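**Q** Just to be clear, the model below is a prediction. Sequence and coordinates:
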Amino acid sequence: MNVLGCLDTPTSGHYQYEGIAVETLDADQRSLLRRYALGFIFQGFNLLARTSALENVELPLLYRGMSRKDRHEKAAAALTAVGLPTKLSSTPGELSGGQQQRVAIARAIVTEPSTLFADEPTGNLDSVTTRDIIEILTRLNVDRGITVLMVTHDENVAACAKRRVVIKDGLVESDSTSP
């Protein structure tokens, strides 16, 4: 996931993201690629504890130099898109685990990435909330055309994917698609 998300460079082989040879990029170039094309959803949410949901979602837009007004509007729209229009001022401690994951998803999509990397996005959630999160990710893929690359150990979650690549001991064990 770190290589695919341009956090690390491959030690061998080649990796191209939309025609760009990632292994040839320096750290600043990989950072720009992440800033403008990639979104990340983490299992542990990685939200700033003393910061409102709106401010957590605005954070990636700060790196783009966007005005406060524009950041606020885009962050509020992203939170609305994940079903949290009334939680803008709530801190992570005031939110359930599912709501925290929705804030994390809003933060990942506020920059309108073409690819979304989700590392065990339902690992800390109950089954009902897991279904809700999978529905959001599916909707992002279908409605917005965002490619969602998800890592999961949950067979039920994996079964929801259009394409499933099973990796075991560092090797591709199977690669299948479903309607």
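**A** Cool, the structure landed.

**Q** Surely E173 is in contact with R164?
**A** No - using Cβ atoms under 8 Å, E173 makes no contact with R164, being 10.6 Å away. In this view, the C-beta of every residue, glycine as well, is placed from N, C-alpha and C.

**Q** Comparing the two, which shows the higher neighbour count?
**A** Comparing E173 with R164 by other Cβ atoms under 10 Å, the one with more neighbours is R164, at 16 against 9.

**Q** Wait, a helix at that one?
**A** No - using DSSP: H, G, I helix; E, B strand; the rest coil, the assignment for R164 is strand, not a helix.

**Q** Could you pull up the residues touching it?
**A** Neighbouring residues of R164 by Cβ atoms under 8 Å, 6 or more residues apart in numbering: 158, 174-178.

**Q** out of the residues you listed, which are inside helices?
**A** In this view, those that belong to helices under DSSP state H are A158.

**Q** which one among the contacts of R164 gets closest to Y63?
**A** A158 (32.2 Å; Cβ to Cβ).

**Q** Please report the distance of that closest one from V128.
**A** From A158 over to V128 the distance is 18 Å, taken as Cβ to Cβ, to the nearest Å.

**Q** which other helices and strands contact the lengthiest helix in the chain?
**A** What stands out as the longest helix in the chain, according to DSSP H, is helix 127-144. If contacts are counted by 3 or more Cβ pairs under 8 Å, 6 or more residues apart in numbering; DSSP states H and E, helix 127-144 sits against helix 97-109, strand 115-119, strand 147-151, helix 155-158.

**Q** export those to CSV and tack on distance to I41, mean neighbour count and mean pLDDT?
**A** As requested, the helices and strands packed on helix 127-144 are exported to CSV (distance: least, Cβ to Cβ, whole Å; neighbours: other Cβ atoms under 10 Å; pLDDT from 0 to 100):
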stretch, distance to I41, mean neighbour count, mean pLDDT
helix 97-109, 5, 24, 96
strand 115-119, 4, 21, 96
strand 147-151, 8, 17, 96
helix 155-158, 13, 14, 92
